[in-house]
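Novice: below is the structure, and that's it, no one-letter string:
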């Protein structure tokens, strides 16, 4: 039997989930199997935002390389103006973690990272808006089946040296730039099978992450990730206008 229950922000339920061979949850003392959660505002026209499980990530194209990493459900509220607020202040499951946005048909979004010494204040996810058509957008592009998660990033940053002098000791999220007077950044990864050109007003984000599904090589199973795409054998170049 499928039962849907709606709770207001002034009356959140008490939830306890246990990882038995089949995950089970207790909601306000009631035993629930195959529980799922979503966030919604009664006055916001955009779709409900779901939480996501490890198994769902493992079966999500473009995100499957993150499927076995520990995740947890974030505390999220959606205002009447559709502004999303994430509150990590009471979160203690992981010392170092990313706030992740997962979606159908596109790579995951590494939106924000927390680690020792970084304040865990409530924040508004960068780039998310609700369009006039009632669809969630990320920097103007439509997001299909959006879901949120806190994802562990406990491993040290051991991706090796990056050719753009990225400070690798913190494994933070960085914007990848080329020095002036170049006009664009070219990325190519023949093993993954893609070629991308980024212009100076639309630069990619890069971070380092372990992938439990990747072979453990000289970097201990850690890889550079550009805009959610795990790099394998990547080539980089800064281009002038004449070369584009």
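Specialist: Happy to help now that I have it. These numbers come from a predicted model, not from an experiment.

Novice: domains in the chain, as residue ranges please.
Specialist: 36-152, 174-239 (automatic domain parsing).

Novice: endpoint to endpoint, the shortest one covers what distance?
Specialist: Same thing as domain 174-239. 20 Å (Cα to Cα, to the nearest Å).

Novice: below-threshold pLDDT in this protein: ranges please.
Specialist: Along the chain, segments meeting pLDDT under 70 span 1-42, 154-171, 180-183, 190-194, 200-202, 210-221, 233-234, 241-244.

Novice: could you redo the domains of the chain as JSON lines and give each row mean neighbour count?
Specialist: Heads up, the C-betas are built off the backbone N, CA and C, glycines and all. Output for these, formatted as JSON lines (neighbours: other Cβ atoms under 10 Å):
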{"stretch": "domain 36-152", "mean neighbour count": "16"}
{"stretch": "domain 174-239", "mean neighbour count": "15"}
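
Novice: let me know the helix or strand that residue 98 is in.
Specialist: strand 97-102 (DSSP states H and E).

Novice: cool, and residue 129?
Specialist: Per DSSP H and E: strand 128-130 holds residue 129.

Novice: what is that strand packed up against?
Specialist: Under the contact criterion of 3 or more Cβ pairs under 8 Å, 6 or more residues apart in numbering; DSSP states H and E, strand 128-130 touches strand 136-138.

Novice: what does the strand it packs on rub up against?
Specialist: 46-47, 49, 101, 103, 109, 127-131, 142-143, 146 (Cβ atoms under 8 Å, 6 or more residues apart in numbering).

Novice: try 10 Å
Specialist: Residues outside strand 136-138 that contact it (Cβ atoms under 10 Å, 6 or more residues apart in numbering) are 44, 46-47, 49, 82, 84, 101, 103, 106, 109, 111, 125-131, 142-146.
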